[in-house]
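Trainee: Output the structure for:
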Amino acid sequence: MLENAFILIVTVEGHGTKRFGIQPDDLPPDSELLYADPSFYEHYKTLVWGTSFGFLSTLLVIGLLIEVLRRRAAAAIILQENEQRYRDLAEVGADIFWEIDAALNLSHLSGKLPSHLSLSPHELLGKPYREIFAQLSTVDFESNHFESLIAARQPIKDFIFRLRESDNAVRIFKLNGRPIFDKQHQFLGYRGVQREITEEYNLAQTLAYQATYDSLTGLINRTEFDTCLRAAVLRAQQYGTASVLCYLDLDQFKIVNDTAGHLVGDQLLSELAHLLKQSVRPDDHLGRLGGDEFGLIIENCSVEHGQQICQTLIDKVLNYRFKWQDRQFNVGVSIGMVPITCAQTTATELLSRVDLACYKAKDLGRGRSYIANCDDLELEMRQTQMARVANISQALEENRFFLMQQPIQPLTQPEPHPHVEILLRLIDEHGQVISPGHFILIAERYGMIALIDRWVVETVIKQYEHLFPQPQPLVSINLSGASLSDNRFIEFVLKLIHQSTLDPHRLCFEITETAAISHLEQVKVFIKEFKAIGVKFALDDFGSGVSSFGYLRSLPVDFLKIDGSLVRHIVDERCDRTIVDLVNQVAHMMGMRTIAEFVEDTDILAQLKKMGVDYVQGYAVGEPMPLTLGACTETLPIDTKSEWSTP
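Mentor: Here you go, the predicted structure:
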């Protein structure tokens, strides 16, 4: 065995295999390598691990530094944005930022300081706020209220102080702040802002003035007057104080506006308001209610004393002369009066009643006062009429108007078509039938009559065939003076006729004598326009007023209706009988046919037939009968002694 084995021992300074180029694969299979050269890793293992750890640590530190720098950059951007936002808000919301410490000394001050401060911000720091305001002799600062807020550690909200400058101008400032506490809730001071609000304050004062006072006269306006009136009513109810409410309406003021213009009228109103203001007591309330109307509340005053004051106002206005260029105007004033007593009433009811009292003063001749007592039956009736007028629009919408018809009977010869007059009635809120005598005149006075005219004409024309079966009659419709002088009404009626199947020859418009005289030129145009298409016309109530045969020549009417106040007495009154006979003859000479109204018995009928009157109308020949029931569902009661028609 020893013959086939050998041992190779190479020892050359520990580097034999490497030095002689002997690789481990070159050795015999059974060889045993007793010593091999160590690898670099084995030789420098500690150094390798130390270097690797140091490199990784360095990378980690670099990464952390990068993240810190990134976050700092982001924070810097946010801080910059917040600072810009803070500056923007500061410019909008405040002029000065301030802080005071726990000893109430100024510890921080920044912003735009007002020019009235003689010290710089640095010189102001550390000084008590009292000392800062003490140097300003013209400042109005409520120190006691300010100190009470601080002593109670309360927020300072909209604290206002004023500064009077050398030119007597007043600047307004507003303080806002809140207390500062540490984590242990120890008081550290206050932090807040100051802003000048002079323009805002002046604007608010202007708006408040405009909301209370009339810009033209300087008197309180309607809203403020209503407030004063409610307060006076409340005092009367609680304490029994007696006051007087007055409503003043200038007489003949419209002449000034129409002849000299509204600017001159405004000047007159301003001067009269000043005159009235000087003539009432300081504690009384004088206000402009609108246009040329004024309201006056005379406090703690009896009706008798109030009447004396009102008479003084009437005399001063009457004696006042208003000059414009080379012209001189004088106006008057009518005054309605109502006592404000402890009776249960409201300001609205008092205003309504005193308004009616003023109208009563005008009706009595103007330039006077009228006292509306609680038992004034005439005013009660007028107030009821006013309520009905105010309800006209609603009544039209609710279909509470309805039409009636009354026949107009021929006396001399039969007619191929019947003739009827359209009459109007109103149903009030309680279901009672109201005749036109209770609402027509008031509707004319307050400009509501045109609505009624339009409703009547439109109803008759549109529903003619439905309302009047064969034989179709000639229908007479009354029109007011307001409609006759309105060109829009002419267009309205013409359009209705053209769009309907109604034969214009079956339509007759009745115009009262008074309306014809008052609107003569407009009536001529109206008659000419409609007679061109075949519409007939009747002159109503002839003989009731200042009758004149002269103007009849210029009014080509078809019928002349003799007023019933003359007709009803022709049997017993020779004078009336003569007048009726004369009117009948003159009408026939002018080619007109006559209609006698208020024919209530056979004796009157016989006299009219003897005179040769063409037609008669009244209860002797036919009572008014419902034509359309409107909102009614049953037969309506008929006023057997009244033949009130449409206007």
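Trainee: Buried residues, the helix or strand that contains Ser476. List them.
Mentor: Assigned by DSSP states H and E, Ser476 belongs to strand 474-479. Neighbour counts over strand 474-479 (16 or more other CB atoms under 10 Å) mark Leu474, Val475, Ser476, Ile477, Asn478, Leu479 as buried. Using the backbone N, CA and C atoms, a C-beta is placed for each residue, glycine as well.
Trainee: cool, stretch 138-157 as well?
Mentor: Across stretch 138-157, burial judged by 16+ other CB under 10 Å covers Val139, Phe141, Phe146, Leu149, Ile150, Ile156.
Trainee: out of the residues you listed, who's nearest Val256?
Mentor: Val139 (50.6 Å; CB to CB).
Trainee: Quick check: the gap between that closest one and Ala169.
Mentor: Per CB to CB, to the nearest Å, Val139 is found 14 Å from Ala169.
Trainee: what's the answer for Lys254, then?
Mentor: Per CB to CB, Lys254 is found 44 Å from Ala169.
Trainee: Neighbour count for those two, which is higher?
Mentor: A direct count of neighbours by other CB atoms under 10 Å for Lys254 and Ala169 places Lys254 higher, at 13 against 9.
Trainee: Remind me what the strand or helix carrying the more buried one packs against, helices and strands.
Mentor: Following DSSP H and E, one finds Lys254 within helix 253-260. In terms of contacts (3 or more CB pairs under 8 Å, 6 or more residues apart in numbering; DSSP states H and E), helix 253-260 is packed against helix 262-279, strand 327-329.
Trainee: neighbours of Arg72, just the number please.
Mentor: Using other CB under 10 Å, Arg72 has 10 neighbouring residues.
Trainee: quick one, what contacts it?
Mentor: Under the criterion of CB atoms under 8 Å, 6 or more residues apart in numbering, Arg72 has no neighbours.
Trainee: pretty sure Gln472 is touching Arg506, no?
Mentor: Yes: proximity of Gln472 to Arg506 meets the contact threshold set by CB atoms under 8 Å, at 5.8 Å.
Trainee: Need the overlap of contacts for these two.
Mentor: Common neighbours of Gln472 and Arg506 (criterion: CB under 8 Å, 6+ apart): His417, Tyr464.
Trainee: on that earlier part again, quick check: angle from the helix holding Lys254 to helix 262-279?
Mentor: Angle of helix 253-260 versus helix 262-279, following axes from the mean of the first three to the mean of the last three CA atoms, to 10 degrees, is 140 degrees.
Trainee: Which residues belonging to helix 253-260 are considered buried?
Mentor: In helix 253-260, counting by 16+ other CB under 10 Å, buried: Phe253, Val256, Asn257, Ala260.
Trainee: ok, the first one to Gln325 distance?
Mentor: Distance, Phe253 to Gln325, by CB to CB: 18 Å.
Trainee: I'd assumed Trp324 was in contact with Val264.
Mentor: Yes: applying CB under 8 Å, one finds Val264 in contact with Trp324, separated by 5.2 Å.
Trainee: Helices of the stretch 51-200 of the chain, start to end?
Mentor: Secondary structure of the stretch 51-200 of the chain (DSSP state H, counting those that start in this stretch): helices at 121-124, 129-134, 143-151, 198-212.
Trainee: Packed most tightly, which of those would that be?
Mentor: Highest mean neighbour count among the helices of the stretch 51-200 of the chain (mean count of other CB atoms under 10 Å): helix 129-134, with a mean of 15.
Trainee: per-residue confidence averaged over that one?
Mentor: Helix 129-134 comes out with an average pLDDT of 66.
Trainee: So which bits of the biggest strand by length in the chain are buried?
Mentor: In the chain, with assignment by DSSP state E, the single longest strand is strand 170-181. In terms of neighbour count (16+ other CB under 10 Å), strand 170-181 has its buried residues at Arg171, Ile172, Phe173, Lys174, Leu175, Gly177, Pro179, Ile180.
Trainee: So what pairs up with the second one in the strands?
Mentor: On the basis of DSSP bridges, Ile172 is bridged to Arg162.
Trainee: what about the stretch 51-200 of the chain, any weak spots by pLDDT?
Mentor: 81-94, 112-121, 130-137, 166-167 (pLDDT under 70).
Trainee: try it again with 90
Mentor: Counting by pLDDT under 90, the low-confidence segments of the stretch 51-200 of the chain come to 51-61, 63-65, 67-151, 156-177, 180, 182-185, 191-200.
Trainee: for the stretch 401-550 of the chain, same thing?
Mentor: Using pLDDT under 90, the stretch 401-550 of the chain drops low at 401, 412-417, 426-450, 465-472, 481-482, 484-487, 512-522, 540-550.
Trainee: mind redoing it with 70?
Mentor: 544-548, 550.
Trainee: any idea where the strands of it begin and end?
Mentor: Along the stretch 401-550 of the chain, the stretches classed as strands by DSSP state E, counting those that start in this stretch are 401-407, 409-410, 419-427, 433-434, 474-479, 507-512, 536-542.
Trainee: If we ignore the residues flanking it in sequence, what's nearest Tyr615?
Mentor: Of all residues not flanking Tyr615 in the chain, Ile595 sits nearest, at 4.2 Å (CB to CB, 6 or more residues apart in numbering).
Trainee: Burial check on that neighbour, number of neighbours?
Mentor: 30.
Trainee: From Pro410, how far off is it?
Mentor: Ile595 is 10 Å from Pro410, by CB to CB.
Trainee: List the residues that are in contact with both of these two.
Mentor: Joint contacts of Ile595 and Pro410 (CB under 8 Å, 6+ apart) are Asp614, Tyr615.
Trainee: Let me see the backbone angles for the residue sitting nearest the centre point of the chain.
Mentor: Centroid-nearest residue in the chain, with CA atoms, centre = their mean: Thr223, separated by 11.7 Å. The phi/psi pair for Thr223 (degrees, to the nearest 10) reads phi -60, psi -50.
Trainee: so what's the nearest residue to it once chain neighbours are set aside up against?
Mentor: Closest residue to Thr223 apart from its sequence neighbours, by CB to CB, 6+ apart: Ala211 at 7.1 Å. Contact partners of Ala211, counting by CB under 8 Å, 6+ apart, are Asn221, Thr223, Glu224.
Trainee: Kindly reformat the buried residues of strand 474-479 as a markdown table containing distance to Leu318.
Mentor: Shown next, in a markdown table, are these (distance: CB to CB, whole Å):
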| residue | distance to Leu318 |
| --- | --- |
| Leu474 | 54 |
| Val475 | 51 |
| Ser476 | 47 |
| Ile477 | 45 |
| Asn478 | 40 |
| Leu479 | 39 |
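Trainee: of those, closest to Ala620?
Mentor: Ser476 (18.5 Å).
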